[in-house]
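**Q** Got a predicted model here, sequence first, then my questions.
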Amino acid sequence: MVTYDNSGGSAPEAPAPGFLARTLFNTGHKVIGQRYLWLALGSVLLGMLLSLLMRIHLVWPAVQIPFLSSFGAAPERYTALTILHGSLMVFLVLTTAPQAGFGNYFLPLQIGAREMAFPSMNLFSFWATAASLVVMTSAFFVHRDAGLTLWTASVSLFCFAALLTSLNFAVTTLDLRASGMTLPRMPLTVWAWFINALLSILIFSILLAACVFLLSDRLLGSQFFSPLTLLSHEPASLVQNTLLSLWQRLFWFFAQAEVYVAMLPCFGIVLHVLSTFSRNRVWAERVAVLALCGVGIFGFCIWGQHMFSSGLNPWSPLVFSLLASSLGLPACVLVLSWFGTLWNAKIQLNTAMLFALGFVSLFLGGGVSGIVLARNDLAAVSISDEFVTGHFHLVMGVAATFAILGALFFWFPKIFARRLNETLGKLHFWLTFAGVYCVFMPMHWLGLMAHSRAPGVDISTVALLVTSLRALVTAATILTVVAQTLFLFNFVWSFWRGDQTEVRNPWRATTLEWSVSSPPPIDNFGASDPVIYRGAYDFIPEAALEDFVPQNVVPPLVERASQPKQETSAGTIES
Amino acid sequence: MPGTTIVEDIGLIIEDIGRGGGKGPPAGGDDGGDGGGKRRWPHTPSSRRYATAIILGILSIVMFFMAMASAFIFLRATSSRWVPLRLPSIIWFNTLVLLLSSGAMGLARRRLALADVRQFRRLWSVATALGILFLLGQLAAWRQFVLAGFYVATNQASSFFYIFTGLHGLHLFGGICALLYVSFRKFERAKVSRSVAAEVASYYWHFMDGLWLFLLALLYLGK
């Protein structure tokens, strides 16, 4: 394939950057992307630890945990634990890793740009995100009221950073593509990052507005959510309903779409990995792009799904229920596209592919229970919180984590020029895969059992069953968390000692990031700008040997038609 | 190349022309500095990105204020102890000042299009000064409101008055910074040209104008 050599072109001599410019204030998109990934790795470990504490506390409340006991056993400590776990996982792992982490690193590489559109703004977003992580975590350690204020402030900061990041992503995709990189030729990862950026631009400002209201209530004494203005005349229930539902509306308007903000880049990554390792074109690629857009649009409209029991207009649950169910349509298209890509393909079952397949399984397994939750008549009456917890952990939390892990195994050779160990990776995959099903499937059953009041059922038998199921979930959680040490070991070991990959394109993939050396040079493409000649998934399943054509390979006709002065030897063919 | 036909290649070439991310037709891997749309190393991306960014940024700010406006409408409709609001009179004067500022900016850009930089600078300074006057006027409005006995915590309507004017003022302050940048930046050494900077700043400034009219209408009609 055509490769871009950074040694060939004589770059204008730029002054060597100082120490601070290379470290704290480095605006390179690859450096920032990598830092986001480290940030997410730290957050996911912390978040996992918190979930372990919660499970242990739930099953063995008497157990003295040295760390927690010093804070006292007040109920609000448990709530604080839940809040911190949720905010870390949703904001700093699921939102950050697939978009800001891998996106920052690979978006410019995949579209043939040398940098993001606004590198300094990118740097600012990163440090704002890092600061919000610090503030969010410190909120856990202070008193309840101050903690909530700190938490709100840190979420506002995160929103602001996320807005700037997504602005950067959208502008980069629109205006910085290399020549020949038309919209239909963009890799699906780029499409997903782009749609996600547009969605984020719209929804993070909603959460920012809600947080500004809340901060103003807490600090300035304004009365947006405070009951003072209503209290004297009206019944308490009405006060509760009106004020809570304002916050709920603003919050869920953001939060339901946030699910898709976490999922969209994962859809893109999974499609990308599935296509590469089944050596097959993405089935119905353009329809898949439309489905990604559909997920973005529908995800934007179904916030009321969370408010069935909060006193909405009686007609609106029906509308939201219909909209929520229609999200199944683009989801089905995506599932069809995944299976169509796998159909009759020469599948290579390496770890990255396993994680992508695991994503498909978890997304389907968790998604099916979403149909039940989208029914307004069922969801409000017969299902308790644990069902919801099981549902969204499978479909959003764990599935997205699998996509992130798949992406890490896929791109690790490009980022670090070493491979992660495959044997350890596969072991880690199977343990985690079994573990998460054992954790979150029983949660669905627990959620259904909470409402089992059929005549003739002995309540004590149900209670016994619930207790033992909870213990099973906790045991499975412990095992799953322990299995993650395999991954950590693999990561650290491969980082220092893993097999070095000399070739630029170890997976024989088609997109542009594989045409540069690993790790990519600072300016990505050296002296000459890349030119794109074909779609992103030009695999030829029928071909025996060369079954893929990278995006930047010059078609023979163009080569012949171009001026004779052009050196054809500038591009070398590499398998 | 395996697996592709001449016809497909021709299709690819046709698809290429003029659609390659706005960077001109694809050239080979040569290093001929033939101008036409080709960029030199170090690469500077097209300045179109500034306009794209400001448009998307405006979209995001619209969503931000829409969330606030919907909260206003919601509480206005459901709260039975809504105390009607008497807007401070100076706010009408401020509105006029902001409209004039937008007008001056429009004229300034017209001068710039005619390459009349001296006149542009003068009109641009007028627009900036009017913008600063608007902000001072808003502070005076707060002062009037406080003297009338309305604080942030007095009632819901006054909370909304302060948060709307405050946040709009904050966004407008950013706009003033952008205007001052266009006034004082030496564009001979900048990455961005004066006309692009003025264009991007003017999008934002006119938007601030429209946003203020919307918020004012909301506060006035929803009192």
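**A** Yes, it's here.

**Q** so A:P506 is in which element?
**A** Per DSSP states H and E, A:P506 falls between elements, in no helix or strand.

**Q** lowest confidence element among the helices and strands of chain B?
**A** Here the helix or strand of chain B ranked lowest by mean pLDDT, DSSP states H and E is helix B:6-16, holding a mean of 45.

**Q** After it, heading C-terminal, what element do we hit next?
**A** Next element after helix B:6-16 (DSSP H and E): helix B:48-78.

**Q** Look up how far chain B lies from A:A417.
**A** In this structure, A:A417 and chain B are 24 Å apart, going by Cβ to the nearest Cβ, to the nearest Å. Backbone N, C-alpha and C define where each C-beta goes, glycine included.

**Q** Please name the nearest non-neighbouring residue to that residue.
**A** A:S518 (4.3 Å; Cβ to Cβ, 6 or more residues apart in numbering or on different chains).

**Q** Surely the one you found and A:R504 touch.
**A** Yes: using Cβ atoms under 8 Å, A:S518 makes contact with A:R504 at a distance of 6.1 Å.

**Q** ok, B:R109 - how many residues close by?
**A** As a burial measure, B:R109 scores 19 neighbours (other Cβ atoms under 10 Å in any protein chain shown).

**Q** ok, it - contacts?
**A** If a contact means Cβ atoms under 8 Å, 6 or more residues apart in numbering or on different chains, then B:R109 has B:120, B:198-199, B:202 as its contacts.

**Q** Please tabulate those in JSON lines, including the columns pLDDT, neighbour count and distance to A:R55.
**A** Formatted as JSON lines, the contacts of B:R109 follow (pLDDT from 0 to 100; neighbours: other Cβ atoms under 10 Å in any protein chain shown; distance: Cβ to Cβ, whole Å):
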{"residue": "B:F120", "pLDDT": "94", "neighbour count": "23", "distance to A:R55": "66"}
{"residue": "B:A198", "pLDDT": "94", "neighbour count": "24", "distance to A:R55": "59"}
{"residue": "B:E199", "pLDDT": "94", "neighbour count": "18", "distance to A:R55": "56"}
{"residue": "B:S202", "pLDDT": "95", "neighbour count": "23", "distance to A:R55": "57"}
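
**Q** From those, pick the one nearest A:W193.
**A** Distance to A:W193 across the contacts of B:R109 (Cβ to Cβ) is lowest for B:E199, with 27.5 Å.

**Q** Now do the host helix or strand of that closest one: distance to the chain's middle.
**A** Taking DSSP H and E as the definition, one finds B:E199 inside helix B:194-221. With Cα atoms, centre = their mean, to the nearest Å as the basis, helix B:194-221 stands 6 Å off its chain's centre.

**Q** now the stretch 351-500 of chain A, which segments are flagged as low pLDDT?
**A** Along the stretch 351-500 of chain A, segments meeting pLDDT under 70 span A:376-382, A:451-457.

**Q** show me where it has helices.
**A** A:351-374, A:376-382, A:385-392, A:399-416, A:422-449, A:459-497 (DSSP state H, counting those that start in this stretch).

**Q** Can you list the low-confidence ranges for the chain?
**A** I went with chain A, as the question did not name one. Residues of chain A that meet the cut-off, pLDDT under 70, sit at A:1-16, A:66-73, A:226-244, A:304-314, A:376-382, A:451-457, A:559-575.

**Q** hm, I was asking about chain B
**A** The model of chain B has pLDDT under 70 over residues B:1-45.

**Q** Chain neighbours aside, what residue packs nearest to residue 174?
**A** Just so you know, I chose chain A. Per Cβ to Cβ, 6+ apart, closest to A:L174 is B:T52, 5.4 Å.

**Q** Correction: the question concerned chain B.
**A** B:Y204 (7.9 Å).

**Q** State the distance from the one you found to A:F118.
**A** According to Cβ to Cβ, to the nearest Å, B:Y204 and A:F118 sit 15 Å apart.

**Q** Does A:T149 belong to a helix, a strand or coil?
**A** helix (DSSP: H, G, I helix; E, B strand; the rest coil).

**Q** Share the number of residues neighbouring A:I459, please.
**A** By the criterion of other Cβ under 10 Å, A:I459 has 9 neighbours.

**Q** Please report how far it lies from A:L465.
**A** 11 Å.

**Q** Please apply the same query to A:V503.
**A** Taking Cβ to Cβ, one finds A:V503 at 55 Å from A:L465.

**Q** what does A:Y537 give?
**A** Applying Cβ to Cβ to A:Y537 and A:L465 gives a distance of 49 Å.

**Q** How about B:P84?
**A** Distance from B:P84 to A:L465, by Cβ to Cβ: 59 Å.

**Q** Neighbour count: those two, which is higher?
**A** Between B:P84 and A:L465, counted using other Cβ under 10 Å, A:L465 has the larger neighbour count: 14 against 8.
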